[in-house]
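Mind folding the following:
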Amino acid sequence: MKKSIVSSVLTLVSMSLLFLAGAVNAGKISHEKGGDKAAAILAAGDVVCKTFTGAPKITISKEGNILLFQGSNQQDHIFDEGYALCSSGVSRYSTNYLESGFGPATCTCVGNTCKVTRNTTDGKMSLVQELSKPTNLDRSFNIKMTVKNLTGANVNDVILRRLTNIDINSIYDEWHHSVRDSSSAFGTKSTSIPYAVRLRHITRSPTSTTYDAKTTALLDNSCNPSDLTSGDPLYGDYNSTIQYGLGTLGPNASKSVSVQYLRD
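Below you'll find the predicted structure:
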């Protein structure tokens, strides 16, 4: 009981810091869990790139973050979503509420595919995201990410992560579990919410690129976090991530990976 109380307090403090910091990030929304996120997105102004209709209905930001991931019941299943790009232990990241180390983004869409391009503020790398929605029957959303070295020298120890905080039907706590290819949040203690959302690895180029799916602490934007569910599933409010070890990027070299969000 005491552990549960301490954990709840720490989570509330962490979330309060998130919202406080997020409010001063240009182009980001400010929102509290359990509130109306759609209204918060509107209040934030011109932050939306595109809304993909169907099931799920998905809204992405101009930075390539998933702002809304809504099922046929109009409930939102993703609270926070984004990516982290590291080199030599330095993390640059972008989520719905916070970002650091990235310059301005451009977002252009043709049909059901949007392309988001942005460079790191140190000028070393670019990240190009291609976000696309297949047919409604697939209940999925695909994201291809390509990292390119913009310099004439090696960029070392490059790590790319896709990360998300899944809140099924906006309920904070779910069961979380990760295996090598995917990280899932599923069910709750309420039997009326049987859904699951999965973030999974799809492709990598070159095929020598290493990868691992993990369940991590809430708000973790670091380069190489620990997997909290290497054994049995864990119940609570956690992040899911797919982490790619891109290694060394030679001068002007690039590497690509693809992930998919899938709702049951």
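
Would you mind confirming that residue 162 makes contact with residue 242?
Yes. Shown here, residue 162 and residue 242 form a contact pair, counting by C-beta atoms under 8 Å, at 5.1 Å. (C-beta placed from N, C-alpha, C; glycine too.)

List the residues that are in contact with both of the two.
Jointly contacting residue 162 and residue 242 under the rule C-beta atoms under 8 Å, 6 or more residues apart in numbering are 199, 259.

residues contacting the closest residue to residue 132 other than its chain neighbours?
Of all residues not flanking residue 132 in the chain, residue 113 sits nearest, at 4.2 Å (C-beta to C-beta, 6 or more residues apart in numbering). Applying C-beta under 8 Å, 6+ apart to residue 113 gives the contacts 130, 131, 132.

Distance check, residue 113 against residue 141.
According to C-beta to C-beta, to the nearest Å, residue 113 stands 11 Å off from residue 141.

overlap in contacts of these two?
Shared contacts of residue 113 and residue 141 (C-beta under 8 Å, 6+ apart): 131, 132.

Enumerate the beta-bridge partners assigned to residue 260.
Beta bridges link residue 260 to residue 142, residue 200, judged by DSSP bridges.

Isn't it up against residue 139?
No. With contact defined as C-beta under 8 Å, residue 260 does not reach residue 139; the gap is 10.4 Å.

More neighbours: which of those two?
residue 260 (21 against 17; other C-beta atoms under 10 Å).

Kindly state the pLDDT recorded for that one?
You'll see residue 260 listed with a pLDDT of 97.

just to revisit the earlier point, which of the contacts of residue 113 tops the neighbour count?
The member of the contacts of residue 113 that has the most neighbours, counting by other C-beta under 10 Å, is residue 131 with 24 neighbours.

So which residues of the stretch 101-250 of the chain form strands?
For the stretch 101-250 of the chain, the strands defined by DSSP state E, counting those that start in this stretch cover 106-110, 113-119, 125-132, 140-149, 155-166, 174-178, 182-186, 196-205, 210-216, 234-236, 239-249.

shaky segments in the chain?
Applying pLDDT under 70 to the chain flags residues 1-27, 137, 188-194.

Pull the contacting residues for residue 80.
The contact partners of residue 80, by C-beta under 8 Å, 6+ apart, come to 95, 96, 97, 164, 165, 239.

Give me the buried entries from these.
Those of the contacts of residue 80 that meet the buried threshold are 95, 96, 97, 164, 165, 239, by 16 or more other C-beta atoms under 10 Å.

where's the third one relative to residue 155, distance?
Put plainly, it is residue 97. Residue 97 is 27 Å from residue 155, by C-beta to C-beta.

So residue 122 is in contact with residue 101, correct?
Yes. Checked against C-beta under 8 Å, the pair residue 122 and residue 101 is within contact range at 7.5 Å.

more crowded one of these two?
Applying other C-beta under 10 Å to residue 122 and residue 101 shows that residue 101 carries more neighbours, namely 17 against 14.

that older thread, would you reformat the strands of the stretch 101-250 of the chain as TSV and include distance to residue 88?
Formatted as TSV, these follow (distance: least, C-beta to C-beta, whole Å):
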stretch	distance to residue 88
strand 106-110	27
strand 113-119	17
strand 125-132	12
strand 140-149	13
strand 155-166	5
strand 174-178	26
strand 182-186	26
strand 196-205	21
strand 210-216	17
strand 234-236	31
strand 239-249	10
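
For residue 87, find the nearest of those.
Residue 87 sits nearest to strand 155-166 of all the strands of the stretch 101-250 of the chain, at 5.0 Å, using C-beta to C-beta.

tilt between that closest one and strand 210-216?
Per axes from the mean of the first three to the mean of the last three C-alpha atoms, to 10 degrees, the angle that strand 155-166 makes with strand 210-216 is 40 degrees.

Strand 155-166 pairs with which strands, parallel or anti?
Its sheet considered, strand 155-166 pairs with strand 78-87 (antiparallel), strand 239-249 (antiparallel) by DSSP bridges.

what's the most buried one of those?
Of all the strands paired with strand 155-166, strand 78-87 has the most neighbours on average by mean count of other C-beta atoms under 10 Å, namely a mean of 24.

what's whichever helix or strand comes after it in contact with?
Next along the chain after strand 78-87, taking DSSP states H and E as the criterion, comes strand 90-94. Contacts to strand 90-94, defined as C-beta under 8 Å, 6+ apart, come from residues 63-65, 82-86, 99-102, 120-121, 221-223.
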